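1. Here is a sequence together with a model predicted from it:
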Amino acid sequence: MKKYFLFLLMVTGPLIYSQTQLNEIQKYKQIGLVWGLMKYHHPEISKGKYDWDNVLLVLLASSEKIDSQEKMNFFLLDFIIKYNSKNTAFEKRAVDIDASKLFLKNQDYHWIDQKIFGNRLTDALNQLTNNGNIGSYYAKVSKMTKMVSFDNEKGIKNFSPENKFCRLLTLFSFWNVIEYWDINKYLTDQKWFDVLEPSIDDFLKSNSIAKYEISKLKIVSKLNDSHAMGFSNEVKDSLFKFSPSFSVKILNDSIVLNAFKNKKLSQKNGLEFGDVIYRIKNQKISTYIKGNFSDLLSASNPNYLKKWLSYNLILSNNVDSINIDILKKNGKVVNKYIKLYQNFAFDFESLEKKPKDKYFLVNSNIGYIDMEQVTDKDLNAAFKLFSNTKGVILDLRNYPKNITNADISKHLLSERKEFIKVNLPINAFPATSEYPAEAPLDFISDPFKTGTNNPDYYKGKVILLVDRNTVSKAEFIGMSVQQSPNCITIGEQTGGAPINIISYTLPDSSLESFTGYGGFYPNGENVQRNGLKLDYIINESAVNYDPKLYINKAIKIIETSK
C-alpha cells in the first residue's frame, strides 16, 4: 500500500473583508459550518475535550448582534483561535490506502471562500481541513466491522424544541454528521450543501413540538435513503391521526384495495376487494403523493416510497374522513367521503394469500421457497426435495429474517465468488472513504464473497421474485442469489438500500438512521438507490388486480425454458 497525501489548499490573496450585511439565516449558516468543521477536524475538539453541543448554544446566543460579514469574520476567527494553543498539534493529512481506492465524491469544502472570509479566517479554516491529527470521539470506525459509530452522542439535558438555538443545534448536528460521515451523500437528489440554508429557515420557524418534528422529517427526507424513514408520535398526531380500516397497493397512478384491517368497518364504508381509488381530495395519486409526502419521508426511490405509503399513510388524515374517487369492479365511478378511525379492532384479511408452507412443490417440476420463513435447516431439506426439478422460485418479496446469504448461496453456486463491492468510511478522515474497500477481517472470511466449492449445486432455473418490499438484508441476500449461473430476477424496483443501517442520536435524544456502507455489484453498478437488477419487469395493474401475477410469471418462465 502506498500513502496518498491529501492537500486541500486554497489560493490566498490580499486581505479582503466584506462589508456585506448578513441576514439571520446567513449568519447561522456560517456558524453551523465552522462549528461542524471544528467538531470533526480539530486536533483536540475531535478528541472530545469540550462539551461541543453546549459550545454551539453559547456561540449562537452570543452572535445576536452581528449584522455584517466583517463582524462575522472577526467573530469566527476569534472562536477558532480560542481553541488553539501552543500544544495544539496540526498534522498533514495522509491516508494509508492505495491512491486508486480513495473515494472523494463526498468531500466538499467549497464554502471556504476567501472573498467572503478574508485571508486570516480562510487560512484558519484551511488549516483545519488539511489537519490529519483527528480524534475519534464523535465518529469512530470499527476495525472489526468498518462501521462508523457515534457512541458519544447521547443528547443534551433540558433540550427544548421551543428554544430556537436548541432547534438549530439539532439541525447543525445532523447536517454535519451527514456532511462528513454519510457514505452515500453524493447520491442525494439535492446537493447536501444546498439543503442547509432552507433548513435553517424552516427550523427557525418551527416554534412548536409538532412543527419541529416535521422540520426534522423534511431534512431527513433529503437523504433519499430507504434506511432513513420514521416519524414521531407528534407527527402522527398532527398529520396522520386518523387512518383507514384497510390497506392498499399503489400501482402506477392508481390505488387498489388489497387488504382489510377491519372488514366490517371497510364494508360499512361501501368498500370491497379490488376497488380502485384514482383520486384523493380531487387530485391524481401522483400529485397527492408529491404534495403531501415527498418532502416528509425519505426513500431511495419512488417505488419504495409507495411501499411506505401503501399500508395506511396514503389515506391517513388529520380529520376523521377523506374524499376519494373510486372505480368499482362493476365499472361504476363513485365520489365519496370515507370514514377514518383513530382506533379499531384489528382483523386482517388480504387478497395476497401467503403460502402456509415454508417450501413446497408447485408441481413435479417446480419448487417454491418463502424466503421470509425458512431457516438454514429448511433450505437443506428444500433443495434435497427439489433436486430433480426444472426450476425453483425464491420468493424474496419480504424480509428473510432467519437466514444469511451463505445459507442460500451454498445451494446455488459451484464456487465461491465476489457478489458485492462496498464503499467504506476511513477512521479519523471525515468525508473520505475507500472504494472498492478491503473487507473487514477478510483473512478469516471475506463477507463480500459467497458460495462454496460445490459440484452438486442446484442446476435448474432459479427465479428470484423481488418487489418494493425487498430492501436492506433482502437486497444483500438477493445480490448473492443473483450470482447463481441460472438466476433470473423478476419483479419491480427494490428498496435501494442493500447494506447495513447505522444510527445517530440527535441532541434531543431521538434517533435518526442512514445506510452505513455504499453497495455495488462486482462490475461497479450502484445498488444504493437503484435497487437490484431485473431481468423481467412485472407491470401490475390496479384494474383487475391479480395477486398471483408474480408466481404465474415465474412458473411460465420455468416451464418454457429449455
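-> Now that the structure is in, tell me what you want to look at. The shown structure was predicted, so the numbers you read here are calculated from the model rather than taken from an experiment. Residues are numbered from 1 along each chain as shown.
2. Going by neighbour count, list what's buried in stretch 446-460.
-> Residues of stretch 446-460 classed as buried: Pro447, Phe448, Lys449, Thr450, Gly451, Tyr457, Tyr458, Gly460 (neighbour count, 16 or more other Cβ atoms under 10 Å). Yep, even glycine has a C-beta here, placed from its N, CA and C like the rest.
3. which residues touch Leu315?
-> Each residue near Leu315 by Cβ atoms under 8 Å, 6 or more residues apart in numbering is listed here: Ser243, Pro244, Val248, Ile277, Ile280, Ile322, Ile324, Ile338, Leu340.
4. let me fix that: Asn552
-> Shown in contact with Asn552 (Cβ under 8 Å, 6+ apart): Asp546.
5. Burial check on the closest residue to Gln21 other than its chain neighbours, number of neighbours?
-> Nearest non-adjacent residue to Gln21, counting by Cβ to Cβ, 6 or more residues apart in numbering: Ser68, 5.6 Å away. For Ser68, the neighbour count with other Cβ atoms under 10 Å is 15.
6. From Glu179, how far off is Lys191?
-> Per Cβ to Cβ, to the nearest Å, Lys191 is found 11 Å from Glu179.
7. for Ala431, same thing?
-> Look at Ala431 and Glu179: by Cβ to Cβ, they are 7 Å apart.
8. So what's the residue count around Gly155?
-> 15.
9. tell me which element it is part of?
-> Assigned by DSSP states H and E, Gly155 belongs to no helix or strand.
10. residues near the closest residue to it other than its chain neighbours, how many?
-> Leaving aside its chain neighbours, Gly155 sits nearest to Ser509 (3.2 Å; criterion: Cβ to Cβ, 6+ apart). The number of residues packed near Ser509 is 12, by other Cβ under 10 Å.
11. mind checking how far Ser509 is from Ser503?
-> Separation of Ser509 from Ser503 (Cβ to Cβ) stands at 12 Å.
12. ditto for Thr122
-> To Ser503, Thr122 is 35 Å away according to Cβ to Cβ.
13. Looking at those two, which one has more neighbours?
-> Thr122 (22 against 13).
14. excluding its backbone neighbours, what's nearest the more buried one?
-> Excluding its sequence neighbours, the residue lying closest to Thr122 (Cβ to Cβ, 6+ apart) is Gln114, at 4.4 Å.
15. What are the phi and psi values at that neighbour?
-> Backbone dihedrals for Gln114, given as degrees, to the nearest 10, come out at phi -60, psi -30.
16. for Ile557, same thing?
-> Backbone torsions for Ile557, taken as degrees, to the nearest 10, come to phi -60, psi -40.
17. ok, it to Pro355 distance?
-> Taken as Cβ to Cβ, the span from Ile557 to Pro355 is 19 Å.
18. Lys27: what's it in contact with?
-> Taking Cβ under 8 Å, 6+ apart as the test, what Lys27 contacts is Ser63, Ile66, Asp67, Met72.
19. In helices, which of these appear?
-> Using DSSP state H to define helices, the subset of the contacts of Lys27 located there is Met72.
20. can you give me the strands for the stretch 151-300 of the chain?
-> 246-251, 254-260, 276-280, 283-284 (DSSP state E, counting those that start in this stretch).
21. scratch that, the stretch 1-150 of the chain is what I was asking about
-> For the stretch 1-150 of the chain, strands defined by DSSP E, counting those that start in this stretch occupy the ranges 4-5, 94-95, 102-103, 140-141, 148-149.
22. Helix or strand for Tyr368, just tell me which one.
-> Tyr368 belongs to strand 366-370 when assigned by DSSP H and E.
23. Asp357 belongs to a helix?
-> No: applying DSSP: H, G, I helix; E, B strand; the rest coil, one finds Asp357 to be coil, outside a helix.
24. Phi first, then psi, for it.
-> Here is the backbone geometry of Asp357 (degrees, to the nearest 10): phi -100, psi 150.
25. In contact with it, which residues?
-> Shown in contact with Asp357 (Cβ under 8 Å, 6+ apart): Asp370.
26. Tell me how far it lies from Lys421.
-> Applying Cβ to Cβ, the value for Asp357 to Lys421 is 36 Å.
27. What of Asn152?
-> 31 Å.
28. Quick one: which of the contacts of Leu315 is the most crowded by neighbours?
-> Busiest of those [other Cβ under 10 Å] is Pro244, holding 28 neighbours.
29. Read off the pLDDT value for the residue lying closest to that residue once chain neighbours are set aside.
-> The shortest distance from Pro244 to any non-neighbouring residue, by Cβ to Cβ, 6+ apart, is to Leu315 (4.5 Å). Per-residue confidence (pLDDT) for Leu315: 97.
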